[in-house]
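*Asks:* coordinates only, no sequence provided:
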């Protein structure tokens, strides 16, 4: 039981360490999509 808690904690902390990079990547993709939409919108109407 004790080792399971340690393993779960270790996995959780590793996941949390990865979040800032994952969030930054998604934010970059979102910004690119917004810029593309802004460029494309005038040509749609």
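*Replies:* Received the coordinates, thanks. Source: prediction; values computed, not measured.

*Asks:* just the pLDDT for residue 40.
*Replies:* Note on residue 40: pLDDT of 89.

*Asks:* and if you look at residue 43?
*Replies:* So residue 43 comes in at 83 (pLDDT).

*Asks:* next, count neighbours for it.
*Replies:* By other Cβ atoms under 10 Å, the residues close to residue 43 number 6. Any C-beta I mention is one placed from the backbone N, CA and C, and that applies to glycine too.

*Asks:* what does residue 32 give?
*Replies:* Neighbours of residue 32 using other Cβ under 10 Å come to 10.

*Asks:* distance of it relative to residue 39?
*Replies:* Going from residue 32 to residue 39 by Cβ to Cβ, to the nearest Å gives 11 Å.

*Asks:* and what of residue 15?
*Replies:* 36 Å.

*Asks:* do residue 17 as well
*Replies:* For residue 17 relative to residue 39 (Cβ to Cβ), the value is 36 Å.

*Asks:* equivalent analysis for residue 27, please.
*Replies:* Taking Cβ to Cβ, one finds residue 27 at 19 Å from residue 39.

*Asks:* then residue 24?
*Replies:* Counting by Cβ to Cβ, the gap from residue 24 to residue 39 is 23 Å.

*Asks:* try residue 20
*Replies:* Counting by Cβ to Cβ - residue 20 and residue 39 are separated by 29 Å.

*Asks:* can you give me the helices for this protein?
*Replies:* Counting by DSSP state H, one finds helices in the chain at the ranges 2-44.

*Asks:* could you list the low-pLDDT ranges of it?
*Replies:* 45 (pLDDT under 70).

*Asks:* again, only this time at 80
*Replies:* Flagging of the chain using pLDDT under 80 yields the residue ranges 44-45.

*Asks:* neighbours of residue 28, how many?
*Replies:* 10.

*Asks:* one more: residue 1?
*Replies:* 5.

*Asks:* please apply the same query to residue 4.
*Replies:* Counted with other Cβ under 10 Å, residue 4 comes out at 8.

*Asks:* do the same with residue 34
*Replies:* 10.

*Asks:* do the same with residue 22
*Replies:* Neighbour count for residue 22, taken as other Cβ under 10 Å: 10.

*Asks:* now do residue 44
*Replies:* 6.
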